[in-house]
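Got a predicted model here, sequence first, then my questions.
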Amino acid sequence: MKSTRIGDAPKFSPVKGALMELIGDGERMTFIRITSQPGVTFPNHSHHHEQIGTCIEGKGILSCGEIELEVKPGHSWVVSPNEIHKFVTGDELTIIYESWSPPREDYRELAKMI
């Protein structure tokens, strides 16, 4: 069994104004807490991972193709592998939990776990 605590987990910043904490990293998935300042943009991108997320605090717009989801606390979503998507935070601090399968090797490297 592996264990960590929020605040003690390896951290990295994929875009200016956003902090990711790698709070769970297993053989088949990665689990991250994202804290974003207001107005942060995670630009259009895709990856071969399935991605599942839930907004805990704050708000934003998740765009996947022609679909735009107004994200608020309690909203969850699934982004399919290779689907182009982006996220823009609203006007307040936003906290999201997301998981990816298979594990995000790039995030392990950014968090200096490799």
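Alright, I've got the coordinates.

hey, let's count contacts and neighbours off CA atoms from now on
Noted.

show me the residues around the spatially most central residue of the chain that make contact.
In the chain, the centroid-proximal residue (C-alpha atoms, centre = their mean) is Glu98; its distance is 4.7 Å. By C-alpha atoms under 8 Å, 6 or more residues apart in numbering, the residues touching Glu98 are 31-34, 51-54.

Would you confirm that His45 contacts Lys86?
Yes: under the criterion of C-alpha atoms under 8 Å, His45 makes contact with Lys86 at 6.5 Å.

who has more neighbours, those two?
Higher neighbour count among His45 and Lys86: Lys86, with 17 against 12, using other C-alpha atoms under 10 Å.

any low-confidence regions in this protein?
Low-confidence segments of the chain, defined by pLDDT under 70: 113-114.

quick revisit: can you tell me which of the contacts of Glu98 end up in strands?
31-34, 51-54 (DSSP state E).

Return the member of the residues you listed nearest to Cys64.
Within the ones in strands among the contacts of Glu98, distances to Cys64 taken as C-alpha to C-alpha reach their minimum at Gln51, with 12.1 Å.

List the beta-bridge partners for the nearest residue to that closest one once chain neighbours are set aside.
The spatial neighbour of Gln51 that comes closest, neighbours along the chain excluded (C-alpha to C-alpha, 6 or more residues apart in numbering), is Trp100 at 4.6 Å. Bridge pairing for Trp100 (DSSP bridges) gives the partners Thr30, Gln51.
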